[in-house]
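Student: sequence plus the predicted model coming up.
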Amino acid sequence: MENKKRILSCIQPTGDMHFGNYFGATKNWVDQQEDYDCFYGVVDYHAMTMPYDPKKLRNATWELIFNLMATGVKVDNLFIQSLVPEHAELCWIFNCFTSYGMLQRMTQFKDKSKQSKEKADDFISAGLLDYPVLQAADILIYKADYVPIGKDQVQHLELTRNIAQRFNNQMGKEYFVMPEPLFTEVPKVQSTADPSRKMSKSAGEKHFINVFGEEARIRKQIKSAVTDTGEVKEGEMSAGIRNLFSLLKASGRIDAHTSLMDDYNSGALKYSDLKESVADGLVAISKEFKERKAEIVSNRKEMKNQIKQSSFEIRKTAQQTVKDVKELAGLSNVRF
Ligand code: ADP
(Lines give C-alpha, C1' and ligand atoms only; values in the text may rest on other atoms or scores of the structure.)
Protein backbone atom coordinates (compact mmCIF):
# COMPACT_ATOMS: atom_id res chain seq x y z
CA MET A 1 0.00 0.00 0.00
CA GLU A 2 2.75 2.48 1.03
CA ASN A 3 4.46 2.67 -2.36
CA LYS A 4 1.32 3.00 -4.37
CA LYS A 5 0.35 6.37 -5.78
CA ARG A 6 -2.93 7.74 -4.53
CA ILE A 7 -6.01 8.29 -6.68
CA LEU A 8 -9.10 10.30 -5.83
CA SER A 9 -12.24 9.95 -7.87
CA CYS A 10 -15.80 10.94 -7.10
CA ILE A 11 -19.25 10.33 -8.50
CA GLN A 12 -22.53 12.11 -7.85
CA PRO A 13 -25.56 10.14 -6.68
CA THR A 14 -27.89 11.06 -9.49
CA GLY A 15 -29.91 7.91 -10.24
CA ASP A 16 -29.42 4.79 -12.35
CA MET A 17 -26.01 3.57 -13.47
CA HIS A 18 -25.92 3.14 -17.24
CA PHE A 19 -23.39 1.40 -19.47
CA GLY A 20 -21.81 4.78 -20.32
CA ASN A 21 -21.11 5.34 -16.62
CA TYR A 22 -19.89 1.78 -16.19
CA PHE A 23 -17.55 1.50 -19.19
CA GLY A 24 -16.55 5.17 -18.97
CA ALA A 25 -15.91 5.48 -15.24
CA THR A 26 -16.84 2.70 -12.80
CA LYS A 27 -14.96 -0.08 -14.59
CA ASN A 28 -11.83 2.03 -14.30
CA TRP A 29 -12.38 2.40 -10.58
CA VAL A 30 -12.49 -1.38 -10.25
CA ASP A 31 -9.41 -1.94 -12.44
CA GLN A 32 -7.33 0.77 -10.74
CA GLN A 33 -7.71 -0.82 -7.32
CA GLU A 34 -4.80 -3.18 -8.07
CA ASP A 35 -2.26 -0.51 -8.90
CA TYR A 36 -3.25 2.49 -6.82
CA ASP A 37 -4.23 3.50 -3.32
CA CYS A 38 -7.81 4.48 -4.12
CA PHE A 39 -10.19 6.92 -2.47
CA TYR A 40 -13.61 6.76 -4.12
CA GLY A 41 -16.31 9.15 -2.96
CA VAL A 42 -20.04 9.28 -3.48
CA VAL A 43 -20.35 13.03 -3.36
CA ASP A 44 -23.73 13.98 -1.97
CA TYR A 45 -22.71 17.56 -1.06
CA HIS A 46 -22.10 18.10 -4.77
CA ALA A 47 -25.57 16.80 -5.61
CA MET A 48 -27.14 19.75 -3.74
CA THR A 49 -25.94 22.48 -6.10
CA MET A 50 -28.98 22.15 -8.37
CA PRO A 51 -32.57 21.95 -7.01
CA TYR A 52 -33.13 18.42 -5.63
CA ASP A 53 -35.39 16.23 -3.50
CA PRO A 54 -33.86 15.43 -0.04
CA LYS A 55 -35.56 12.02 0.30
CA LYS A 56 -34.37 10.96 -3.12
CA LEU A 57 -30.83 12.14 -2.40
CA ARG A 58 -30.27 9.83 0.58
CA ASN A 59 -31.79 6.85 -1.23
CA ALA A 60 -29.78 7.57 -4.36
CA THR A 61 -26.59 7.76 -2.30
CA TRP A 62 -27.08 4.27 -0.84
CA GLU A 63 -28.30 2.87 -4.14
CA LEU A 64 -25.13 4.08 -5.83
CA ILE A 65 -22.98 2.68 -3.04
CA PHE A 66 -24.62 -0.75 -3.46
CA ASN A 67 -24.27 -0.54 -7.24
CA LEU A 68 -20.59 0.33 -6.98
CA MET A 69 -20.00 -2.55 -4.58
CA ALA A 70 -21.83 -4.89 -6.96
CA THR A 71 -19.55 -3.89 -9.85
CA GLY A 72 -16.48 -4.75 -7.76
CA VAL A 73 -15.45 -1.55 -5.96
CA LYS A 74 -13.99 -2.53 -2.59
CA VAL A 75 -15.74 -1.29 0.53
CA ASP A 76 -12.49 -0.07 2.07
CA ASN A 77 -11.99 2.37 -0.80
CA LEU A 78 -15.48 3.83 -0.65
CA PHE A 79 -16.81 6.74 1.37
CA ILE A 80 -19.82 9.02 1.48
CA GLN A 81 -18.75 12.66 1.27
CA SER A 82 -21.15 14.01 3.91
CA LEU A 83 -19.82 11.43 6.40
CA VAL A 84 -16.51 13.28 6.08
CA PRO A 85 -17.66 16.84 6.88
CA GLU A 86 -14.05 18.08 6.73
CA HIS A 87 -14.61 18.37 2.96
CA ALA A 88 -16.97 21.26 3.63
CA GLU A 89 -14.63 22.81 6.20
CA LEU A 90 -11.67 22.72 3.84
CA CYS A 91 -13.91 24.09 1.09
CA TRP A 92 -14.60 27.17 3.21
CA ILE A 93 -10.91 27.71 3.89
CA PHE A 94 -10.14 27.28 0.18
CA ASN A 95 -12.87 29.78 -0.71
CA CYS A 96 -10.63 32.39 0.80
CA PHE A 97 -7.80 31.35 -1.54
CA THR A 98 -9.90 31.26 -4.70
CA SER A 99 -10.42 34.03 -7.17
CA TYR A 100 -14.10 34.85 -7.67
CA GLY A 101 -13.41 35.80 -11.29
CA MET A 102 -11.89 32.39 -11.99
CA LEU A 103 -14.98 30.64 -10.65
CA GLN A 104 -17.20 32.72 -12.89
CA ARG A 105 -15.12 31.71 -15.89
CA MET A 106 -15.56 27.96 -15.33
CA THR A 107 -17.21 26.46 -18.40
CA GLN A 108 -19.33 24.05 -16.36
CA PHE A 109 -20.68 26.92 -14.25
CA LYS A 110 -21.54 28.89 -17.36
CA ASP A 111 -23.31 25.89 -18.92
CA LYS A 112 -25.21 24.85 -15.81
CA SER A 113 -26.26 28.36 -14.82
CA LYS A 114 -27.52 28.85 -18.36
CA GLN A 115 -29.56 25.65 -18.02
CA SER A 116 -31.04 26.95 -14.74
CA LYS A 117 -31.87 30.30 -16.28
CA GLU A 118 -33.75 28.55 -19.06
CA LYS A 119 -35.91 26.76 -16.48
CA ALA A 120 -38.83 28.56 -14.91
CA ASP A 121 -37.40 28.98 -11.40
CA ASP A 122 -34.31 30.88 -12.55
CA PHE A 123 -32.47 30.01 -9.31
CA ILE A 124 -28.70 29.74 -9.41
CA SER A 125 -27.22 28.68 -6.08
CA ALA A 126 -23.92 29.99 -4.77
CA GLY A 127 -23.09 26.28 -4.41
CA LEU A 128 -23.09 25.94 -8.18
CA LEU A 129 -20.46 28.66 -8.46
CA ASP A 130 -18.48 27.16 -5.58
CA TYR A 131 -18.63 23.56 -6.85
CA PRO A 132 -15.02 23.48 -8.15
CA VAL A 133 -13.71 24.69 -4.76
CA LEU A 134 -15.43 21.76 -3.04
CA GLN A 135 -13.88 19.58 -5.73
CA ALA A 136 -10.45 21.03 -4.90
CA ALA A 137 -11.09 20.16 -1.24
CA ASP A 138 -12.11 16.58 -2.23
CA ILE A 139 -8.80 16.10 -4.02
CA LEU A 140 -6.38 17.94 -1.76
CA ILE A 141 -7.81 16.69 1.53
CA TYR A 142 -6.43 13.21 0.65
CA LYS A 143 -3.26 14.59 -0.96
CA ALA A 144 -4.13 12.62 -4.12
CA ASP A 145 -1.29 12.17 -6.63
CA TYR A 146 -3.66 11.52 -9.51
CA VAL A 147 -7.19 12.38 -10.48
CA PRO A 148 -8.65 10.35 -13.35
CA ILE A 149 -10.44 12.92 -15.48
CA GLY A 150 -11.90 13.50 -18.88
CA LYS A 151 -11.08 16.52 -21.01
CA ASP A 152 -14.12 18.39 -19.62
CA GLN A 153 -12.59 18.39 -16.14
CA VAL A 154 -9.15 19.77 -17.03
CA GLN A 155 -10.19 23.31 -16.13
CA HIS A 156 -11.36 22.21 -12.68
CA LEU A 157 -8.12 20.38 -11.94
CA GLU A 158 -6.19 23.48 -13.00
CA LEU A 159 -8.20 25.47 -10.47
CA THR A 160 -7.38 22.88 -7.80
CA ARG A 161 -3.66 23.25 -8.56
CA ASN A 162 -4.07 27.01 -8.49
CA ILE A 163 -5.69 26.94 -5.05
CA ALA A 164 -3.00 24.58 -3.71
CA GLN A 165 -0.27 26.84 -5.08
CA ARG A 166 -1.81 29.99 -3.64
CA PHE A 167 -2.24 28.33 -0.24
CA ASN A 168 1.36 27.06 -0.27
CA ASN A 169 2.69 30.47 -1.31
CA GLN A 170 0.77 32.36 1.32
CA MET A 171 1.71 29.95 4.07
CA GLY A 172 5.33 29.85 2.95
CA LYS A 173 5.32 26.06 2.90
CA GLU A 174 5.02 23.47 0.12
CA TYR A 175 2.28 21.71 2.06
CA PHE A 176 0.09 20.47 -0.79
CA VAL A 177 1.56 18.40 -3.61
CA MET A 178 0.17 19.28 -7.02
CA PRO A 179 -2.27 16.59 -8.18
CA GLU A 180 -1.79 15.37 -11.74
CA PRO A 181 -4.50 14.35 -14.19
CA LEU A 182 -4.67 10.68 -15.12
CA PHE A 183 -6.00 10.21 -18.61
CA THR A 184 -7.12 6.65 -19.23
CA GLU A 185 -8.44 5.18 -22.45
CA VAL A 186 -12.16 4.80 -21.88
CA PRO A 187 -14.83 4.30 -24.49
CA LYS A 188 -17.28 7.10 -25.03
CA VAL A 189 -20.61 5.32 -25.20
CA GLN A 190 -23.25 6.83 -27.45
CA SER A 191 -27.01 6.57 -27.07
CA THR A 192 -28.29 3.54 -29.00
CA ALA A 193 -31.51 5.45 -29.78
CA ASP A 194 -29.54 8.37 -31.23
CA PRO A 195 -25.86 7.55 -31.85
CA SER A 196 -25.05 11.20 -32.50
CA ARG A 197 -25.37 11.98 -28.78
CA LYS A 198 -23.73 10.39 -25.76
CA MET A 199 -25.51 7.88 -23.58
CA SER A 200 -26.83 9.98 -20.71
CA LYS A 201 -29.54 10.03 -18.07
CA SER A 202 -30.35 13.66 -18.66
CA ALA A 203 -31.36 12.96 -22.27
CA GLY A 204 -34.27 10.74 -21.14
CA GLU A 205 -35.17 7.05 -20.68
CA LYS A 206 -34.48 5.78 -24.18
CA HIS A 207 -31.03 7.33 -24.29
CA PHE A 208 -29.48 5.13 -21.62
CA ILE A 209 -29.27 1.42 -20.88
CA ASN A 210 -29.46 0.66 -17.18
CA VAL A 211 -26.73 -1.74 -16.01
CA PHE A 212 -29.09 -3.05 -13.33
CA GLY A 213 -32.15 -3.09 -15.61
CA GLU A 214 -34.29 -6.00 -16.74
CA GLU A 215 -32.70 -8.38 -19.26
CA ALA A 216 -35.69 -8.03 -21.60
CA ARG A 217 -35.31 -4.26 -21.66
CA ILE A 218 -31.56 -4.41 -22.36
CA ARG A 219 -32.19 -6.81 -25.25
CA LYS A 220 -35.01 -4.66 -26.59
CA GLN A 221 -32.90 -1.50 -26.47
CA ILE A 222 -30.04 -3.16 -28.35
CA LYS A 223 -32.42 -4.79 -30.84
CA SER A 224 -33.91 -1.40 -31.68
CA ALA A 225 -30.52 0.37 -31.77
CA VAL A 226 -30.28 2.84 -34.66
CA THR A 227 -27.73 1.55 -37.19
CA ASP A 228 -28.13 3.63 -40.32
CA THR A 229 -28.12 7.33 -39.73
CA GLY A 230 -28.17 8.43 -43.34
CA GLU A 231 -25.23 10.82 -43.16
CA VAL A 232 -22.42 8.30 -43.60
CA LYS A 233 -19.60 9.01 -46.02
CA GLU A 234 -18.66 6.37 -48.59
CA GLY A 235 -16.50 3.68 -46.95
CA GLU A 236 -17.11 4.93 -43.41
CA MET A 237 -18.77 3.04 -40.59
CA SER A 238 -22.02 4.59 -39.36
CA ALA A 239 -22.04 6.03 -35.83
CA GLY A 240 -24.60 3.44 -34.71
CA ILE A 241 -22.56 0.45 -35.90
CA ARG A 242 -19.39 1.95 -34.47
CA ASN A 243 -21.12 2.33 -31.12
CA LEU A 244 -22.28 -1.31 -31.17
CA PHE A 245 -18.76 -2.52 -31.96
CA SER A 246 -17.41 -0.33 -29.19
CA LEU A 247 -19.93 -1.78 -26.71
CA LEU A 248 -18.99 -5.30 -27.81
CA LYS A 249 -15.30 -4.63 -27.20
CA ALA A 250 -15.98 -2.92 -23.88
CA SER A 251 -18.01 -5.91 -22.72
CA GLY A 252 -14.91 -8.07 -23.22
CA ARG A 253 -16.17 -10.15 -26.17
CA ILE A 254 -12.97 -9.83 -28.15
CA ASP A 255 -13.36 -12.99 -30.26
CA ALA A 256 -16.87 -12.05 -31.31
CA HIS A 257 -15.62 -8.52 -32.02
CA THR A 258 -12.86 -9.82 -34.32
CA SER A 259 -15.08 -12.19 -36.20
CA LEU A 260 -17.95 -9.69 -36.66
CA MET A 261 -15.48 -7.02 -37.74
CA ASP A 262 -14.18 -9.47 -40.40
CA ASP A 263 -17.80 -9.89 -41.56
CA TYR A 264 -18.18 -6.12 -41.69
CA ASN A 265 -15.01 -5.72 -43.76
CA SER A 266 -16.06 -8.39 -46.21
CA GLY A 267 -19.54 -6.90 -46.49
CA ALA A 268 -21.19 -9.96 -44.95
CA LEU A 269 -22.18 -8.49 -41.58
CA LYS A 270 -25.73 -9.11 -40.48
CA TYR A 271 -26.77 -6.33 -38.11
CA SER A 272 -28.93 -8.78 -36.21
CA ASP A 273 -25.84 -10.92 -35.41
CA LEU A 274 -23.95 -7.88 -34.15
CA LYS A 275 -26.89 -6.78 -32.02
CA GLU A 276 -27.39 -10.23 -30.54
CA SER A 277 -23.73 -10.46 -29.62
CA VAL A 278 -23.76 -7.00 -27.99
CA ALA A 279 -26.95 -7.83 -26.08
CA ASP A 280 -25.40 -11.13 -24.86
CA GLY A 281 -22.32 -9.23 -23.67
CA LEU A 282 -24.26 -6.57 -21.78
CA VAL A 283 -26.75 -9.04 -20.32
CA ALA A 284 -23.92 -11.24 -18.99
CA ILE A 285 -22.36 -8.27 -17.19
CA SER A 286 -25.72 -7.11 -15.91
CA LYS A 287 -26.62 -10.60 -14.67
CA GLU A 288 -23.41 -10.95 -12.68
CA PHE A 289 -23.82 -7.52 -11.09
CA LYS A 290 -27.50 -8.03 -10.30
CA GLU A 291 -26.69 -11.29 -8.53
CA ARG A 292 -24.03 -9.59 -6.44
CA LYS A 293 -26.33 -6.67 -5.71
CA ALA A 294 -29.11 -8.99 -4.52
CA GLU A 295 -26.66 -10.47 -2.04
CA ILE A 296 -25.51 -7.02 -0.89
CA VAL A 297 -29.04 -5.70 -0.50
CA SER A 298 -30.16 -8.78 1.43
CA ASN A 299 -27.43 -7.84 3.88
CA ARG A 300 -28.23 -4.14 3.70
CA LYS A 301 -27.76 -3.26 7.36
CA GLU A 302 -24.35 -4.86 7.65
CA MET A 303 -23.25 -3.30 4.32
CA LYS A 304 -24.31 0.16 5.49
CA ASN A 305 -22.30 -0.34 8.66
CA GLN A 306 -19.27 -1.32 6.63
CA ILE A 307 -19.53 1.83 4.54
CA LYS A 308 -19.94 3.98 7.64
CA GLN A 309 -16.83 2.29 9.04
CA SER A 310 -14.80 2.84 5.86
CA SER A 311 -15.93 6.49 5.76
CA PHE A 312 -14.84 6.76 9.38
CA GLU A 313 -11.39 5.34 8.56
CA ILE A 314 -11.00 7.55 5.50
CA ARG A 315 -12.10 10.53 7.60
CA LYS A 316 -8.97 10.17 9.71
CA THR A 317 -6.81 11.19 6.73
CA ALA A 318 -9.12 14.15 6.05
CA GLN A 319 -9.02 15.23 9.69
CA GLN A 320 -5.24 15.20 9.71
CA THR A 321 -5.09 17.43 6.62
CA VAL A 322 -7.61 19.90 8.04
CA LYS A 323 -5.72 19.99 11.32
CA ASP A 324 -2.45 20.80 9.47
CA VAL A 325 -4.21 23.40 7.33
CA LYS A 326 -5.76 25.13 10.35
CA GLU A 327 -2.39 25.14 12.04
CA LEU A 328 -0.79 26.78 9.00
CA ALA A 329 -3.68 29.18 8.38
CA GLY A 330 -3.74 30.68 11.89
CA LEU A 331 -7.00 29.00 12.94
CA SER A 332 -7.56 27.37 16.31
CA ASN A 333 -7.30 23.62 16.68
CA VAL A 334 -8.66 21.35 19.36
CA ARG A 335 -7.60 17.77 19.79
CA PHE A 336 -9.79 15.18 18.14
P1 ADP B 1 -24.99 11.29 -16.97
O2 ADP B 1 -24.55 12.03 -18.20
O3 ADP B 1 -25.75 10.06 -17.32
O4 ADP B 1 -25.70 12.16 -15.97
P5 ADP B 1 -22.71 11.63 -15.27
O6 ADP B 1 -22.44 12.96 -15.84
O7 ADP B 1 -23.27 11.55 -13.88
O8 ADP B 1 -23.65 10.81 -16.27
O9 ADP B 1 -21.34 10.80 -15.35
C10 ADP B 1 -20.78 10.03 -14.33
C11 ADP B 1 -19.50 9.42 -14.87
O12 ADP B 1 -19.76 8.58 -16.00
C13 ADP B 1 -18.49 10.45 -15.37
O14 ADP B 1 -17.19 10.04 -14.99
C15 ADP B 1 -18.62 10.43 -16.87
O16 ADP B 1 -17.41 10.75 -17.53
C17 ADP B 1 -19.01 8.98 -17.15
N18 ADP B 1 -19.91 8.93 -18.32
C19 ADP B 1 -21.17 9.40 -18.37
N20 ADP B 1 -21.74 9.17 -19.58
C21 ADP B 1 -20.79 8.53 -20.32
C22 ADP B 1 -20.76 8.00 -21.66
N23 ADP B 1 -21.82 8.09 -22.47
N24 ADP B 1 -19.64 7.41 -22.10
C25 ADP B 1 -18.56 7.28 -21.29
N26 ADP B 1 -18.52 7.76 -20.02
C27 ADP B 1 -19.61 8.36 -19.52
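Tutor: Everything's here; your move. Predicted model, so just to flag it, every value in this text is computed and none were measured. Residues are numbered from 1 along each chain as shown.

Student: pull the contacting residues for Glu102.
Tutor: For the record, residue 102 is Met, not Glu. For Met102, the contact set (CB atoms under 8 Å, 6 or more residues apart in numbering) comprises Leu159, Asn162. C-beta: built from backbone N, CA, C; applies to glycine.

Student: most proximal residue of the protein with respect to the ligand?
Tutor: Closest to the ligand within the chain is Gly24: 1.9 Å, counting by CB to the nearest ligand atom.

Student: and that residue, how many neighbours?
Tutor: By the criterion of other CB atoms under 10 Å, Gly24 has 19 neighbours.

Student: quick one: the closest residue to Tyr131 other than its chain neighbours from Ala126, how far?
Tutor: Distances taken as CB to CB, 6 or more residues apart in numbering place Thr49 nearest to Tyr131, at 5.4 Å, with adjacent residues excluded. Distance, Thr49 to Ala126, by CB to CB, to the nearest Å: 9 Å.

Student: who has more neighbours, the two?
Tutor: Higher neighbour count among Thr49 and Ala126: Thr49, with 20 against 9, using other CB under 10 Å.

Student: report pLDDT for that one.
Tutor: pLDDT recorded at Thr49 is 94.

Student: and what of Val232?
Tutor: Predicted confidence (pLDDT) for Val232: 68.

Student: next one: the one 4 residues further on
Tutor: Glu236 is assigned a pLDDT of 86 by the prediction.

Student: wait, does stretch 68-83 contact the ligand?
Tutor: No: Stretch 68-83 lies out of reach of the ligand by CB under 6 Å from any ligand atom, never closer than 11.6 Å.

Student: what's the span of that stretch, first residue to last?
Tutor: In stretch 68-83, first residue to last residue: 17 Å (CA to CA, to the nearest Å).

Student: need the residues that contact that stretch.
Tutor: By CB under 8 Å, 6+ apart, stretch 68-83 touches 10-11, 17, 22, 26-27, 29-30, 33, 38-46, 61, 65, 87, 138, 211-212, 289-290, 292-293, 296, 303, 306-308, 310-315.

Student: and it, which residues are buried?
Tutor: Within stretch 68-83, the residues scored as buried using 16 or more other CB atoms under 10 Å are Leu68, Met69, Ala70, Thr71, Val73, Asn77, Leu78, Phe79, Ile80, Gln81, Ser82, Leu83.

Student: got JSON lines for these, with pLDDT too?
Tutor: As requested, the buried residues of stretch 68-83 are exported to JSON lines (pLDDT from 0 to 100):
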{"residue": "Leu68", "pLDDT": "98"}
{"residue": "Met69", "pLDDT": "98"}
{"residue": "Ala70", "pLDDT": "98"}
{"residue": "Thr71", "pLDDT": "98"}
{"residue": "Val73", "pLDDT": "98"}
{"residue": "Asn77", "pLDDT": "98"}
{"residue": "Leu78", "pLDDT": "98"}
{"residue": "Phe79", "pLDDT": "98"}
{"residue": "Ile80", "pLDDT": "98"}
{"residue": "Gln81", "pLDDT": "98"}
{"residue": "Ser82", "pLDDT": "98"}
{"residue": "Leu83", "pLDDT": "98"}
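
Student: tell me where the stretch 101-250 of the chain has strands.
Tutor: 146-148, 180-182 (DSSP state E, counting those that start in this stretch).

Student: hey, which of those is tucked in deepest?
Tutor: strand 146-148 (a mean of 20; mean count of other CB atoms under 10 Å).

Student: is any residue of it near the ligand?
Tutor: No: Strand 146-148 does not reach the ligand (CB under 6 Å from any ligand atom); its nearest approach is 8.3 Å.

Student: give me the mean pLDDT for that strand.
Tutor: When pLDDT is averaged over strand 146-148, the result is 96.

Student: can you count the residues close to Lys173?
Tutor: By other CB under 10 Å, the residues close to Lys173 number 11.
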